[in-house]
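# Give me coordinates for this.
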Amino acid sequence: MIRVGILGAGHLGKIHLKLLKDVKEFEVVGFFDNDPEVSAAVQKGSSLKPFASAHELIAQSDAIDIVTPTPFHFEYASAAIKAGKHIFIEKPVTLNSQEAKKLLVLANEGSIVAHAGHVERFNPAFLAARPLIERPVFIDCRRIATWNPRGTDVSVVLDLMVHDIDLVLHLVKSPVKKISATGSPVLCPTDDIAEARIEFDNGCVATISTSRVATHNMRKMTVFQNENYFSLDLLEKSAVKSYTTDPQGSVKHIQHEKLDTHPINAIEHELRLFAGAIHKEKNNAVTLDEAYNTMKVADEIMEVIKKNK
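Predicted coordinates for the structure are as follows:
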């Protein structure tokens with residue numbers, strides 16, 4: 001049994017607390033949140049023990065699930081790794097790639113299992129299409145959301161776009177050649193809207209458009225290959241494969257095929273993979289190495305936006 005503690009009991013932390021109870025490999029020892037009112041409410045609703053400090057919780061745990069606001073990720077993850085504890089960190093793993101690199105070095109030196117919460121990797125639509133995507137030549141991502149103060153302690157690049165950066169890097173698997181980007185604040189000191197174009201050494205191009213001040217929610221991704229393309233609705237969790245049939249005369253016809261998708265609680269699945277990795281099971285979880293690479297691209301996008309202002 002893996003004794004796990006949760007750092008952060010806000011909106012997402014409460015979800016993690018509930019789901020961890022359903023993972024048989026874990027024993028939830030308690031949680032820490034620096035807001036006394038939140039701690040009292042969570043204790044009353046869950047009967048879980050609130051710890052007086054993050055360090056006390058870390059000392060009593062085998063693994064730590066970090067679901068705090070992003071500015072605290074590096075501090076808590078570093079402390080947990082140095083104490084020899086395995087870590088799961090919600091996205092974005094840190095505020096920047098320099099912090100992510102330091103965590104990666106510490107985790108490797110200590111043989112620590114370190115996973116990142118890039119939940120869209122386990123979206124049913126993405127899972128349905130992933131085995132059929134071999135060599136994308138163009139990827140278009142559009143992720144927009146209505147205003148929600150949660151997550152606005154960082155740029156929309158780290159708040160929302162980071163999901164699509166992770167998916168794109170996972171699909172393309174080629175060094176980044178060039179990045180173009182633009183962005184702007186609307187309601188926050190940091191950027192609320194952003195658009196990026198990523199060119200890869202293998203010729204693939206990806207465009208990502210993101211906003212957190214839209215009038216509606218949308219999470220769509222289209223992946224083009226030479227012989228077909230895939231339309232993924234990550235919000236509706238549906239996927240369609242499109243391809244041309246044999247031409248009749250001079251006209252080609254496009255045929256559309258809806259892919260089978262299977263319901264899954266993506267966060268619970270991530271946590272189960274985390275437990276499996278601690279038990280030395282090989283799996284397809286998002287590792288800290290991958291999260292670091294995502295952060296490097298996110299950093300470059302934010303730097304290009306800054307230069308263009």
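# now the strands for the stretch 1-150 of the chain?
Taking DSSP state E, counting those that start in this stretch as the test, the strands found in the stretch 1-150 of the chain are 2-7, 26-32, 63-66, 86-90, 114-117, 138-144.
# and those as CSV, adding distance to residue 53 and mean pLDDT?
Quick note: C-beta positions are derived from backbone N, CA and C, even for glycine. CSV is the format used below for these (distance: least, Cβ to Cβ, whole Å; pLDDT from 0 to 100):
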stretch, distance to residue 53, mean pLDDT
strand 2-7, 10, 98
strand 26-32, 7, 96
strand 63-66, 13, 98
strand 86-90, 17, 98
strand 114-117, 22, 98
strand 138-144, 36, 98
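# In TSV: those strands, plus mean neighbour count and distance to residue 185.
TSV is the format used below for these (neighbours: other Cβ atoms under 10 Å; distance: least, Cβ to Cβ, whole Å):
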stretch	mean neighbour count	distance to residue 185
strand 2-7	24	29
strand 26-32	21	32
strand 63-66	26	27
strand 86-90	26	24
strand 114-117	26	26
strand 138-144	20	16
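# Just put those strands in JSON lines and tack on distance to residue 49.
Formatted as JSON lines, these follow (distance: least, Cβ to Cβ, whole Å):
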{"stretch": "strand 2-7", "distance to residue 49": "9"}
{"stretch": "strand 26-32", "distance to residue 49": "4"}
{"stretch": "strand 63-66", "distance to residue 49": "15"}
{"stretch": "strand 86-90", "distance to residue 49": "19"}
{"stretch": "strand 114-117", "distance to residue 49": "23"}
{"stretch": "strand 138-144", "distance to residue 49": "37"}
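# where does the stretch 101-250 of the chain dip in pLDDT?
The model of the stretch 101-250 of the chain has pLDDT under 70 over residues 246-250.
# Helices of that one, start to end?
Secondary structure of the stretch 101-250 of the chain by DSSP state H, counting those that start in this stretch: the helices cover 124-129, 156, 162-172.
# Determine which of these approaches residue 87 most closely.
The closest of the helices of the stretch 101-250 of the chain to residue 87 is helix 162-172. By Cβ to Cβ, the value is 17.7 Å.
# Kindly export that closest one (C-alpha atoms) in PDB.
Taking Å, rounded to 0.1, in the frame of the first residue of the first chain, the C-alpha atoms of helix 162-172 are listed here in PDB:
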ATOM      1  CA  VAL A 162       0.100  23.800 -22.500                       C
ATOM      2  CA  HIS A 163      -2.400  20.900 -23.000                       C
ATOM      3  CA  ASP A 164      -2.100  21.200 -26.800                       C
ATOM      4  CA  ILE A 165       1.600  21.700 -26.700                       C
ATOM      5  CA  ASP A 166       1.900  18.400 -24.900                       C
ATOM      6  CA  LEU A 167      -0.400  16.600 -27.400                       C
ATOM      7  CA  VAL A 168       1.400  18.000 -30.400                       C
ATOM      8  CA  LEU A 169       4.900  17.100 -29.100                       C
ATOM      9  CA  HIS A 170       3.600  13.600 -28.300                       C
ATOM     10  CA  LEU A 171       2.300  13.100 -31.800                       C
ATOM     11  CA  VAL A 172       5.100  14.700 -33.800                       C
END
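# ok and it relative to strand 138-144, angle-wise?
160 degrees (axes from the mean of the first three to the mean of the last three Cα atoms, to 10 degrees).
# which residues sit in contact with residue 294?
The contact partners of residue 294, by Cβ atoms under 8 Å, 6 or more residues apart in numbering, come to 92, 118, 162, 165-166, 169.
# would you list these in a markdown table and tack on distance to residue 275 and neighbour count?
Converted to a markdown table, the contacts of residue 294 look like this (distance: Cβ to Cβ, whole Å; neighbours: other Cβ atoms under 10 Å):
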| residue | distance to residue 275 | neighbour count |
| --- | --- | --- |
| 92 | 23 | 30 |
| 118 | 17 | 24 |
| 162 | 24 | 28 |
| 165 | 26 | 26 |
| 166 | 21 | 25 |
| 169 | 25 | 19 |
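# Just the closest of those to residue 63, please.
Using Cβ to Cβ, these come closest to residue 63 at residue 118, 18.3 Å.
# The closest one against residue 164, yeah?
No: the criterion here is Cβ atoms under 8 Å, and residue 118 misses it with residue 164 at 10.2 Å.
# hang on, the earlier thing: for residue 125, find the nearest of the strands of the stretch 1-150 of the chain.
Going by Cβ to Cβ, the one of the strands of the stretch 1-150 of the chain nearest residue 125 is strand 138-144, 12.6 Å.
# same for the closest one, what does it pack against?
helix 162-172, strand 205-211, strand 218-224 (3 or more Cβ pairs under 8 Å, 6 or more residues apart in numbering; DSSP states H and E).
# how about the contacts of residue 294, which pair is most distant?
Farthest apart among those by Cβ to Cβ are 92 and 169. That separation is 13.7 Å.
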